[in-house]
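Trainee: sequence-free structure coming up:
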Ligand code: BG6
């Protein structure tokens, strides 16, 4: 008997991405994506100058990794296909080395009882397309449709859960507003266009998938940051929180699940005279091609108050022109990542999906805690004693359990991440995995205490306290 019992068939596992784990080897045929390019250009921007070419060597060690996934209780696992690996050149031809790798990887997972969930885009725009504007250019949308159809043809007989994007708001924020992704611009007009084209691409690919006779499902993965006003009784704070919610959550959630755009956001973008360029029929296409399944990444809440600080006119227009961030006194923090830990946020998201989004089937597709210098918790047997991670997961799972009891259609819980991986500009600064990677020892793997604990949770389909 366990106190927190989850529904039969619950998905226990973790998430990762191609660009953060695979690495590159000679002769693999992969072309550069924006991260390879940015690292070559400005390596000093990356923590300890560690770039995307090495990462966790999953390209070579996926067989060992699948065994470790089994030992840490995975029945499902998400990764992404790297577009720049599968279709490296503008001729659209498929790289046979990539096909062999993904075929073997997915087969290995399936043979070991782990269902692969496959995402098509995880921040990794091929450089050849970025040179022509990336998501700013409508031709990228068409190239993406071709790429996705290729993936369905090659792997769709075995992969039954597809995702069009991971956190599509992040390339918008990082690349075109806050400068933590390439091309590192500050340009609201571009941000709006990039967001729109990502959504259009998603809807087109959903339509294509549904036209095939493949018997799987297709969804999207969104990072949802519930927006809480400083004072719920202050109309100005509540309005500010609503606007932040429209910018960062509903911008993708509403069109992906309901096929519509939030009116608050449309009003702002119209006032700014920055509506995206679109063609006749685009809005209908988005309206008619919504997701089958929603992946929810949850790390932190967003706390907001009415705008009090002066507007930064040099950067304007920016989302922050409409609200200020608020630091709640006494908040619990993850000091390494600088993110607030607020476990109830996961419940609030799930309750919102149940009440306001037709209770669409969903799952927690990422949740996690990055810790810097984690090797200091290694014991004499070489095992990382990450009790704080076990507590973190339990504290969130209790709320997921409560939401399910109340009727939320939540089908699983995936941790970020399986094995420590390369985190963009933060490289290997913060470790998130169930499995430790020793970078000084040819990326040797060791399951952490949390990975062993997670196996018991998966075996029991729940936990006791
Ligand atoms: C999510 C992404 O935002 O969070 C991952 O899907 C990312 O790609 C993870 O690595 C953790 O964030 P970070 O910035 O610490 O790597």
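Mentor: Nice, I can see it. None of these values were measured; they are calculated from a predicted model. Numbers count the residues shown, from 1 in each chain.

Trainee: got a list of what whatever residue of the stretch 351-465 of the chain ends up closest to the ligand touches?
Mentor: Per CB to the nearest ligand atom, residue 423 is where the stretch 351-465 of the chain lies closest to the ligand, at 3.0 Å. C-beta: built from backbone N, CA, C; applies to glycine. By CB atoms under 8 Å, 6 or more residues apart in numbering, the contact set of residue 423 is 20, 370, 429-430, 432.

Trainee: and residue 8, by the same measure?
Mentor: Residue 8 neighbours (CB under 8 Å, 6+ apart): residue 461.

Trainee: which of the contacts of residue 423 fall within helices?
Mentor: Judged by DSSP state H, the subset of the contacts of residue 423 located in helices is residue 20.

Trainee: what subset of the contacts of residue 423 is also close to the ligand?
Mentor: 20, 370, 430 (CB under 6 Å from any ligand atom).

Trainee: is it true that the last one touches residue 373?
Mentor: Same thing as residue 430. No. If you go by CB atoms under 8 Å, residue 430 and residue 373 don't touch, sitting 9.2 Å apart.

Trainee: between those two, which is the more surrounded one?
Mentor: residue 430 (19 against 10; other CB atoms under 10 Å).

Trainee: the ligand contacts on this structure?
Mentor: Contact residues, the chain versus the ligand (CB under 6 Å from any ligand atom): 17, 20, 166-167, 223, 297, 337, 366, 370, 416, 423-424, 426, 430.

Trainee: TSV please, covering those and showing secondary structure and pLDDT.
Mentor: Output for the residues of the chain next to the ligand, formatted as TSV (DSSP: H, G, I helix; E, B strand; the rest coil; pLDDT from 0 to 100):
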residue	secondary structure	pLDDT
17	coil	98
20	helix	98
166	strand	99
167	coil	99
223	strand	98
297	strand	99
337	coil	96
366	strand	99
370	coil	98
416	strand	98
423	coil	98
424	helix	98
426	helix	98
430	strand	98
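
Trainee: geometric centre of the protein: which residue is closest?
Mentor: Centroid-nearest residue in the chain: residue 166, 3.9 Å away (criterion: CA atoms, centre = their mean).

Trainee: pairing partners for that one in the sheet, please.
Mentor: residue 221 (DSSP bridges).

Trainee: quick one: the strands in the stretch 301-450 of the chain?
Mentor: Here the stretch 301-450 of the chain has its strands, by DSSP state E, counting those that start in this stretch, at 302-305, 324-325, 333-334, 339-340, 362-366, 371-372, 410-416, 430-431, 435-438, 444-447.

Trainee: tell me which of those sits most buried.
Mentor: Mean neighbour count, computed with mean count of other CB atoms under 10 Å, is highest for strand 362-366 among the strands of the stretch 301-450 of the chain, reaching a mean of 25.

Trainee: tell me how far that strand lies from the chain's centre.
Mentor: Here the centre of strand 362-366 is set off from its chain's centre by 10 Å, with CA atoms, centre = their mean, to the nearest Å.
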